[in-house]
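# Starting from these lines, generate the structure:
(chains A, B, C and D)
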Amino acid sequence: MRILYFAWLREKIGQGEEVFTPPASVTTPRQLIACLRQRGGGYAAAFANEALIRCAIGQEFQPLDAPLGAAGEIAFFPPVTGG
Amino acid sequence: MRILYFAWLREKIGQGEEVFTPPASVTTPRQLIACLRQRGGGYAAAFANEALIRCAIGQEFQPLDAPLGAAGEIAFFPPVTGG
Amino acid sequence: MRKIAVQPGDFDANAELAALSANAGGVASFIGVVRGDAGGRALAALRLEHYPGMTEKALERLAEAAEARWALSGCTIIHRIGRLTPGQNIVLVATSSRHRADALAATAYLIDQLKTSAPFWKAEEFADGTAHWVEARESDETAAKAWL
Amino acid sequence: MRKIAVQPGDFDANAELAALSANAGGVASFIGVVRGDAGGRALAALRLEHYPGMTEKALERLAEAAEARWALSGCTIIHRIGRLTPGQNIVLVATSSRHRADALAATAYLIDQLKTSAPFWKAEEFADGTAHWVEARESDETAAKAWL
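The predicted structure follows:
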């Protein structure tokens, strides 16, 4: 699974992209966040407050409790601020 | 008094502007229209249907029954269609 | 900043919008363009007549009303007159503001009001040589009154 | 006609609006510009980051939604990315239609939706060298939802 990070999540984690295979028990973005947070350091800081995290699965906005399914690409980022 | 005509009023009357001193009994644009209509010809054609006539006194839109007062300039025209 | 102009020549939208953008968060605009047809018939040109003197006053008044109602940093109204062919610009209304909602609303307001309260008249020249004066549209009255 | 672009470079508003005006009665647009200050502090620049691939899809979807809701003859969305200084353009949203109300409403809709549903993020760089990521505004959420 390819995981992308944008804006301050990217900065706190220290990279914009990584490949990661979560345990089979991880079936939602929220569970993936919990799993990544356990790595501590930048991950713990980036994912400290779930209320500020949004995600996209396969380049579509999804709630944190959506099924990950067989997603090849998931992205985490703060609420968008373009325009 | 300077009277101006625009759009099809100008075309029917055959001129865009004239100087005219109405009788003292003429105190509103509607009365001025009645007075001009009596000239017949283009004036009668231009002023045949008062519902289509709008006016400005001193370059301000006014209803046909507004007081002419000491207006130096009055204009008659159809409803506006700019933009 | 306010700019009002009534002119035969075209305007430079880039330059006008750039002039408005200084210290604004956003610039909203509307450009009216001569269509290629009217009532199902091919149009050769529009002829635009106005009431010199009164037009400028009426447009200044509209700009004042918009500036009173919304927090604008700038307001530009340019209306062309004379003979204009299909595809040519007729009118530019543009406003700038710190927050986009003000500029978007003020621009819609100004073009709606201009249609019913600035002394311009349009005649349509058709490809077959005939011409007629455009009649005022009820829908324009309705749009202008919706802001009251 | 639909044009969607995400690019570091500036856009030519004249050219974009002229391209939309063919066979339309009117062209409405909104241009977002980098302000000179934020929260009372002098701004040196904005840095704009996006999610390549997803952004273009999100903007296409917004254009589709606007085209379904209003009678548009054209729709253009250009959003810049990278480092932009005060006074520079950030985004152009422009639509054209036969009747002005469609273009005016669709333009306001598109910029309101873009603010909450296209994956762009802004960081503010201040004159004193500090920088921070802009937080999403409640008012943008409210504006976007008002169209539902």
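
# Could you list every helix and strand in contact with the one helix or strand residue C:109 maps to?
Residue C:109 is part of helix C:100-117 when elements are defined by DSSP states H and E. Helix C:100-117 makes packing contacts with strand C:26-33, helix C:54-69, strand C:72-80, strand C:89-97, helix C:138-145, strand D:26-33, helix D:100-117 when contacts are defined by 3 or more CB pairs under 8 Å, 6 or more residues apart in numbering or on different chains; DSSP states H and E. Where C-beta positions appear, they are placed from N, C-alpha and C, glycine not excepted.

# Can you show me the strands along chain A?
Counting by DSSP state E, chain A has strands at residues A:2-5, A:17-19, A:54-57, A:60-62, A:73-77.

# tally of neighbours for whichever residue of chain A sits closest to chain D?
Nearest to chain D, among the residues of chain A, is residue A:82, at 2.5 Å (CB to the nearest CB). Neighbour count of residue A:82, defined by other CB atoms under 10 Å in any protein chain shown: 27.

# so what's it closest to, chain neighbours aside?
Sequence neighbours aside, residue D:120 is the residue nearest to residue A:82 in space, at 2.5 Å (criterion: CB to CB, 6 or more residues apart in numbering or on different chains).

# Next: residue C:146.
Once flanking residues are discounted, residue C:146 sits nearest to residue C:112: 7.5 Å by CB to CB, 6+ apart.

# Spatially central residue in chain C, please.
With distances taken as CA atoms, centre = their mean, the residue of chain C nearest its centroid is residue C:91 (3.9 Å).

# list the contacts for residue C:37?
residue C:43 (CB atoms under 8 Å, 6 or more residues apart in numbering or on different chains).

# If it is in a bridge, with which residues?
Beta-bridge partners for residue C:37, by DSSP bridges, are residue C:42.

# give me the low-pLDDT residue ranges for the chain?
Because you didn't say which chain, this covers chain A. Residue ranges of chain A with pLDDT under 70: none are present.

# what number of residues lie near the residue of it found nearest chain B?
Chain A approaches chain B most closely through residue A:83 (28.2 Å), counting by CB to the nearest CB. Around residue A:83 there are 23 other residues, counting by other CB under 10 Å.

# Can you tell me, leaving aside adjacent residues, what's nearest to it?
residue D:115 (4.1 Å).

# and the end-to-end length of stretch A:21-41?
19 Å (CA to CA, to the nearest Å).

# Do me a favour and get the backbone dihedrals for the residue of chain C found nearest chain B.
Scanning chain C for proximity to chain B using CB to the nearest CB identifies residue C:120 as nearest, at 2.5 Å. Torsion angles at residue C:120 (phi, psi; degrees, to the nearest 10) stand at phi -120, psi 150.

# wait, doesn't it sit right on residue B:78?
No. At 11.1 Å, residue C:120 does not count as touching residue B:78 under the criterion of CB atoms under 8 Å.

# which other residues reach stretch C:43-61?
Contacts of stretch C:43-61 (CB under 8 Å, 6+ apart): B:4, B:6-7, B:10, B:56, B:59-60, B:75, B:77, B:82, C:2, C:4, C:6, C:34-37, C:77, C:79-86, C:90, C:114, C:117-127, C:131.

# quick check: mean pLDDT across it?
Mean per-residue pLDDT for stretch C:43-61: 97.

# Give me the buried positions along it.
For stretch C:43-61, the neighbour count (16 or more other CB atoms under 10 Å in any protein chain shown) marks C:43-51, C:54-59 as buried.

# now the end-to-end length of that stretch.
From its first residue to its last, stretch C:43-61 covers 32 Å (CA to CA).

# quick one: the helices in chain A?
Assigned by DSSP state H, chain A shows helices spanning A:7-13, A:29-37, A:41-46.

# So which bits of the shortest one are buried?
The neighbour-count check on helix A:41-46 (16+ other CB under 10 Å) flags A:42, A:43, A:46 as buried.

# Export those to JSON lines and append columns for distance to chain B.
Putting these into JSON lines (distance: CB to the nearest CB, whole Å) gives the following:
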{"residue": "A:42", "distance to chain B": "57"}
{"residue": "A:43", "distance to chain B": "58"}
{"residue": "A:46", "distance to chain B": "53"}
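
# As TSV, those residues with distance to residue C:14 would be great.
What follows is the buried residues of helix A:41-46, written out as TSV (distance: CB to CB, whole Å):
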residue	distance to residue C:14
A:42	44
A:43	47
A:46	42
